[in-house]
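J.: Model the following, please.
(chains A and B)
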Amino acid sequence: MRYLPLADSDRSEMLRAVGADSIDALFIDVPEGARLDGRIEGLADHASEMAVERELSALARRNLVAGDVPFFLGCGAYRHHIPASVDHLIQRGEFLTSYTPYQPEIAQGTLQALYEFQTQVARLFACDVANASMYDGSTACWEAIGMARRITRRGKAILSSGLHPHYVSVARTMARFTGDELVAALPSLEAEPDTAALLDSIDRETSCVVVQYPDILGRIGDLSELAERAHAAGALLVAVVTEPVALGLIKAPGEMGADIVVGEGQSIGVGLNFGGPYVGLFATRDKYVRQMPGRLAGETVDAEGQRGFVLTLSTREQHIRREKATSNICTNSGLCALAFSIHMTLLGEKGLRRMASLSHEKAVAASERLSRLPGVELVNDAFFNEFTLRLPKEARPVVRAMADRKLLGGVSLGRLYPGAEALANGLVVAVTETNTREDIEALASGLEEALA
Amino acid sequence: MSMNREGRPTRPEAGEGAAPATWTGNRALMLEEPLIFEMDEAQGCGVDFEDLGSPAEAGAHSDLAAGPRPSPGSSLAGLERDRPIGLPGLSEPQTVRHYTRLSRQNYAIDLGLFPLGSCTMKHNPRLCEKMARLPGFADIHPLQPGDTVQGAFELIARLAGWLVKLTGMHSVAMSPKAGAHGELCGLLAIRAALEARGDAREVVLVPESAHGTNPATAAFVGYRVESIPADARGRVDLAALKARLGPDVAAVMITNPNTCGLFEPDMIAISEAVHSAGGLVYCDGANFNAIVGRVRPGDLGIDAMHINLHKTFSTPHGGGGPGAGPVVFSEALTPFAPLPFVEKQGDHYVLVEEETAGEHHGQSFGRMVAFHGQMGMFSRALAYILSHGADGLRAVSGDAVLNANYVLRQLEDVLDAPFGASGPCMHEALFSDKGFAEGLSTLDLAKGLIDEGFHPMTMYFPLVVHGAMLIEPTETESKAALDQFIGAVRSVAERARAGDESLKAAPRFAPRRRLDETLAARKPVLAWKDPPQAQAAE
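T.: Numbers count the residues shown, from 1 in each chain, chains lettered A, B, ... in the order given. So this is what the prediction gives:
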């Protein structure tokens, strides 16, 4: 067995040293009836790399790979180009096979990288401080709602109808047990985000308003008025960014007054991965840092006065505070945060702006092309790289029909909001810098055929 | 002096005195590296892009607007950024060098034994990395139509099948993202099950030795946490537990093998007692590596247990994640498991979501994450299980336990082993700082080990032992590696017993000396701030 270095002679010698007759004898505390002496039913013995690779490759081949076809899916996961060096660097064993930096003297690499990541995220969101990552955007969103409850001591969160429905579901699941009240609604196929409705629903019991930017239909709107009204009522504004590339081109939520900005970092450095692992981004203002969940890397000095980094403010965390912690999170998404940070370093200000502009420009071209199709209507007035089309018929079968022709043409709102008839004809199309003119043409003709 | 023909000296000559400071601050291969925010040159970019091109370039079939290109910003509702973000950018060679230099300041399993107790830092097979990167797994979108991802669904279903089989449980929820998220999943199912039978209970019992995530999770779900003591042998005090059980106790959270590195021999009795008092049993499966292939939690009366794929099934720890924490359930809790999940219907795999849960899963407590789990970890874990097979997995737990016992017995004369007399340990060996000279503690031994070239063990955990040191060598260490580690610990432990004050100054040879954690917490500096522009005139 290639992963087990002990030889039988080692085992015998070590058993003698510990005074046991056999390895089985070391399991003496296990009640006899609970010991498995037989084989694991159905599981073959160990297999060569070749055999395992054959088996998994056969499964992989049965999936339609995004990079092989014209691809326009978004709704919380985006396909941007990831430079080859990102994956090379995160596979350095010193990053890949290290752990949470509990011993800072021999983990400065991870700690400095996390400190850089925190700074990049804080600047991107225009916040003061960001943590070292959460599991993903949906869990970061729930944690933000919980944090707003702790800060305001109020339990009513108003969720925008433009918040990703999975994020709403996660919040609902948690709220059922924590007793938080959630105000939520289905989106409607209108040009503008639901800012007006949100403004109306803020009251003195509101802990926070949670608004996605750009929203699930790709719409964008100014958050400043929401922030002002929330603050006037003693509530916080939580902004959720599922496509951080957008912030290379449009204003950051922090600039418009958001108190907590969370996001899904997957679109920078991480890749699609069929939904995970992803990386949750979490940023806020300095004054709320002690209510933040998750790990934080901070600057300090060593015994000789040299600058170094450590995990800090851990009195918020479960391993110190146990049941009084701000969150139960422990393992987060460190390696994905590193991938995000490396990709962001490769991009820099110029590259991020360029990637964002290209994504937007191509999305504008696609929206113009697609909205010329008979019966197809562009819902959005404004968008970054994702927009919603109203089709003349139900979108879900249209998406399937396009997939049958090896075209991944978007996400139907029927998939995200099953049973919501008013949304059934909606198709959300995401465009990135990876899409070519040919892709857009293929989508236009594929959609036209599927609608015929 | 020896020289070769070109006149180059080929033998070192004795130098004098202590090592001088270098101009760069570097020490040969130990290279100091600034923050990206401090690099004057960080105005560049390491990525080239391609724009849409003109229609002519795309061929005659293009029907895209032939007129002027859409102007960026025309559909941005006036929200264009008008201020710089402040993101430094580097070319590819600069980026590769920055992160390579940073990487070299980390200890890692690839460098040596990493005996962090309860973390299962074992070798990460590189085949698993390769498999996870197959485009058929890595480059597919979670919302693609089900027909286009049948292979991915099948992979999840196959892994789920093995997890259920290895644990002897009834079902598994694959979506939790890490161990603590798995605990949350388990407790949400428990709470949903109790509410469904109209039996709201308020208290969750957690042993003193539990991971901090256990009480944090129970509190997160709205329970009051009470702790139950350990007995003199490091096990849950069964009598104390029984005395506390009652109609207000929703669940007991047990780690088995426990964080003292011991199997709970009364586990079946514990489960029976909890069940007969109307409660449910949650097992923290962080230590499953000790028993995989040998003991099935389902045979111990457990109702829910998370499995850290990043521990037992060796998906990489990555400097703090990502992990994955699937939760196996008993039959009683299965109806309450979260959505979505993959199910085989005929010869087709489907994703059961809110829409399709319908009657056969209508009691689910709901969704706990966007999409459906850590696919990148699933492909690695399945590759791991298939690589090891039935014989290999049994050997994993056997060798892990043998290695830990070897460490326990080779060190118990120089380090106090509080439960050493209560028989063999499981996959980790627990020691305390009893016997160290006045003024020296576990922390000093740990920092001394760093100078010896090892990552220290888990320190000051579990809380039931003073100055705890929890050593988990794992099965992927050779006898020679263990012997070297044992020698190093013995040496440092003897210095600690003898009162060698120089240990207080350890580590001396790491990239940094001991770091001031108090300063970091008192005056938190959590993000880089550009220094104010230098004054022009002096």
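J.: contacts and neighbour counts: CA atoms only from here.
T.: OK.
J.: Specify the local secondary structure of the closest residue to chain B within chain A.
T.: Using C-alpha to the nearest C-alpha, the closest approach of chain A to chain B is made by A:Gly348 at 3.4 Å. Here A:Gly348 is helix, with the state taken from DSSP: H, G, I helix; E, B strand; the rest coil.
J.: now the strands for chain A?
T.: A:129-130, A:156-159, A:181-183, A:206-212, A:236-241, A:260-264, A:280-284, A:297-301, A:307-311, A:377-378, A:386-390, A:411-412, A:426-430 (DSSP state E).
J.: ugh, typo on my part, it should be chain B
T.: Using DSSP E, strands in chain B cover B:171-173, B:203-207, B:224-228, B:249-255, B:280-284, B:304-306, B:327-329, B:341-345, B:348-352, B:429-431, B:458-459, B:469-471.
J.: Who does the residue of the stretch 401-538 of chain B found nearest chain A form a beta bridge with?
T.: With C-alpha to the nearest C-alpha, the shortest gap between the stretch 401-538 of chain B and chain A falls at B:Leu515, namely 4.0 Å. Beta-bridge partners of B:Leu515, counted by DSSP bridges, are A:Asp302.
J.: so what are the domain limits for the chain?
T.: Answering for chain A, as no chain was given. A:66-81+A:352-451, A:84-343 (automatic domain parsing).
J.: wrong chain, I was asking about chain B
T.: If you go by automatic domain parsing, chain B breaks into B:130-383, B:390-521.
J.: Tabulate these (TSV), appending distance to A:Met355.
T.: Listed next are the domains of chain B as TSV, based on distance: least, C-alpha to C-alpha, whole Å:
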stretch	distance to A:Met355
domain B:130-383	20
domain B:390-521	36
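J.: So, low pLDDT: which residues of the chain?
T.: Reading this off chain A. By pLDDT under 70, chain A has no low-scoring segment.
J.: please go with chain B instead
T.: B:1, B:16, B:54-74, B:533-538.
J.: where along it do the helices fall?
T.: B:55-58, B:92-103, B:126-132, B:135-138, B:150-167, B:179-196, B:213-220, B:238-244, B:267-276, B:354-357, B:375-411, B:442-451, B:479-498, B:517-522 (DSSP state H).
J.: mind putting the ones you listed in TSV, distance to chain A and mean neighbour count included?
T.: Shown next, in TSV, are the helices of chain B (distance: least, C-alpha to the nearest C-alpha, whole Å; neighbours: other C-alpha atoms under 10 Å in any protein chain shown):
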stretch	distance to chain A	mean neighbour count
helix B:55-58	7	13
helix B:92-103	4	19
helix B:126-132	7	19
helix B:135-138	4	25
helix B:150-167	4	21
helix B:179-196	6	26
helix B:213-220	4	27
helix B:238-244	15	14
helix B:267-276	8	19
helix B:354-357	6	15
helix B:375-411	4	25
helix B:442-451	8	23
helix B:479-498	7	18
helix B:517-522	5	16
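J.: So A:Ser133 is in contact with A:Ser333, correct?
T.: Yes: in this structure, A:Ser133 is within contact of A:Ser333 by C-alpha atoms under 8 Å, at 6.0 Å.
J.: Which residue of the two possesses the greater neighbour count?
T.: Between A:Ser133 and A:Ser333, A:Ser133 has the larger neighbour count (other C-alpha atoms under 10 Å in any protein chain shown), namely 37 against 27.
J.: Could you pull up the residues touching the more buried one?
T.: Applying C-alpha atoms under 8 Å, 6 or more residues apart in numbering or on different chains to A:Ser133 gives the contacts A:279-282, A:294-295, A:332-334, A:337.
J.: redo that, cut-off 7 Å
T.: A:279-282, A:294, A:332-334, A:337 (C-alpha atoms under 7 Å, 6 or more residues apart in numbering or on different chains).
J.: Any idea what the residue of chain B found nearest chain A is bridged to?
T.: Of all residues in chain B, B:Gly89 sits closest to chain A, with a separation of 3.4 Å (C-alpha to the nearest C-alpha). Going by DSSP bridges, B:Gly89 is paired in beta bridges with B:Gln43.
J.: count of neighbours near it?
T.: Count around B:Gly89 with other C-alpha under 10 Å applied: 29.
J.: was I right about it contacting B:Gln43?
T.: Yes: at 5.3 Å, B:Gly89 counts as touching B:Gln43 under the criterion of C-alpha atoms under 7 Å.
J.: Can you list the neighbours in contact with stretch B:169-180?
T.: Stretch B:169-180 has contacts (C-alpha under 7 Å, 6+ apart) with A:135, A:328-331, B:160, B:164, B:182, B:185, B:213, B:298, B:306-308, B:323-331, B:334, B:337-338, B:341, B:369, B:372-374.
J.: Report the buried residues of stretch B:520-531.
T.: B:520-521, B:524-528 (16 or more other C-alpha atoms under 10 Å in any protein chain shown).
J.: Quick check: the gap between B:Phe419 and B:Ala429.
T.: Between B:Phe419 and B:Ala429 the distance is 9 Å, computed by C-alpha to C-alpha, to the nearest Å.
J.: quick one, which of the two is more surrounded?
T.: Using other C-alpha under 10 Å as the criterion, B:Phe419 and B:Ala429 rank with B:Ala429 on top: 33 against 20.
J.: still on that earlier bit, name the residues contacting each of A:Ser133 and A:Ser333.
T.: Common neighbours of A:Ser133 and A:Ser333, counting by C-alpha under 7 Å, 6+ apart, are A:Val279.
J.: could you pick out which of the contacts of A:Ser133 are near chain B?
T.: With respect to chain B, and counting by C-alpha under 7 Å from any C-alpha of the partner chain, the subset of these in contact is A:332-334.
J.: buried set for stretch B:23-35?
T.: For stretch B:23-35, by 16+ other C-alpha under 10 Å, it's B:Glu33.
J.: what's in contact with that stretch?
T.: Contacts for stretch B:23-35 (C-alpha under 7 Å, 6+ apart): B:101-102.
J.: now the end-to-end length of that stretch.
T.: Across stretch B:23-35, first to last residue, C-alpha to C-alpha, it's 19 Å.
J.: And for stretch A:267-278?
T.: In stretch A:267-278, first residue to last residue: 9 Å (C-alpha to C-alpha).
J.: Other residues contacting it?
T.: A:77-80, A:82, A:86, A:135-136, A:243, A:265-266, A:336, A:339-340, A:343, B:137-142, B:322, B:371-376.
J.: mind listing what residue 212 touches?
T.: Since no chain was named, I'll use chain A. Neighbours of A:Gln212 in contact, by C-alpha under 7 Å, 6+ apart: A:162-163, A:239-241.
J.: you looked at the wrong chain, it should be chain B
T.: Applying C-alpha under 7 Å, 6+ apart, the residues contacting B:Gly212 are A:318-319, A:322.
J.: filter these by proximity to chain B?
T.: Among the contacts of B:Gly212, proximity to chain B is found for A:318-319, A:322 (C-alpha under 7 Å from any C-alpha).
J.: want to try JSON lines for those residues, with neighbour count as columns?
T.: Formatted as JSON lines, the ones next to chain B among the contacts of B:Gly212 follow (neighbours: other C-alpha atoms under 10 Å in any protein chain shown):
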{"residue": "A:Gln318", "neighbour count": "26"}
{"residue": "A:His319", "neighbour count": "21"}
{"residue": "A:Arg322", "neighbour count": "24"}
